[in-house]
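>>> What would the 3D arrangement of this be:
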Amino acid sequence: MSEPDFDRMTKDEVITWFQITDSLAPVIRSMNPAPATGPAPEAPMMLVSIRLPVALVEQLDRIAESTTRRSDVIRDALTGYVAARTAPVGRHEAEQALDVLRRIVTAHTSAKATPTRPDRTHRSTGYAHWTG
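Numbering: from 1, shown residues only. Next up is the predicted model:
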């Protein structure tokens with residue numbers, strides 16, 4: 001049996017060929033292997049749709065054309081971004097942040113603890129209004 005030329009066949013001819021053929025060997029022989037997609041995902045996947053600027057998609061395609069698929073490039077980039085945003089803070093960074101907060105609180109509380117001269121006297125009560 002000869003290999004079918006699906007590109008030149010009509011839809012009805014293709015269906016008829018599959019219905020009457022005894023072997024799919026000609027089709028299997030003519031198939032090209034799919035590009036390697038990498039290891040199987042470690043976590044369940046969900047299909048999502050996002051809108052991206054055309055220029056960005058073109059850049060993604062250029063990055064992906066030689067090694068992988070566009071979706072793999074996007075998945076890797078998003079995984080890295082989320083990991084960086086949710087990673088635990090190191091001890092040094094935490095100590096620096098606490099030091100900054102300590103200085104802010106100290107400056108704020110010392111400014112409130114030292115009252116300044118009265119700016120004006122409240123009209124209805126005659127008491128001085130203090131600002132700090």
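>>> Helix, strand or coil: sort out the spatially most central residue of the chain for me.
Taking CA atoms, centre = their mean, the centroid of the chain lies closest to Leu78, which sits 2.9 Å from it. The three-state label given to Leu78 by DSSP: H, G, I helix; E, B strand; the rest coil is helix.
>>> Just the pLDDT at it, thanks.
pLDDT recorded at Leu78 is 91.
>>> Go through the chain and flag its longest helix.
Secondary structure assigned by DSSP state H gives helix 91-113 as the longest helix of the chain.
>>> starting at the chain centroid, how far to it?
33 Å (CA atoms, centre = their mean, to the nearest Å).
>>> CA atoms only: put stretch 56-64 into PDB for me.
C-alpha atoms of stretch 56-64 as PDB (Å, rounded to 0.1, in the frame of the first residue of the first chain):
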ATOM      1  CA  LEU A  56       7.000  40.800  23.800                       C
ATOM      2  CA  VAL A  57       5.600  37.700  22.100                       C
ATOM      3  CA  GLU A  58       8.000  38.200  19.200                       C
ATOM      4  CA  GLN A  59      10.900  38.400  21.600                       C
ATOM      5  CA  LEU A  60       9.700  35.300  23.400                       C
ATOM      6  CA  ASP A  61       9.500  33.400  20.100                       C
ATOM      7  CA  ARG A  62      13.100  34.500  19.200                       C
ATOM      8  CA  ILE A  63      14.200  33.200  22.600                       C
ATOM      9  CA  ALA A  64      12.300  29.900  22.200                       C
END
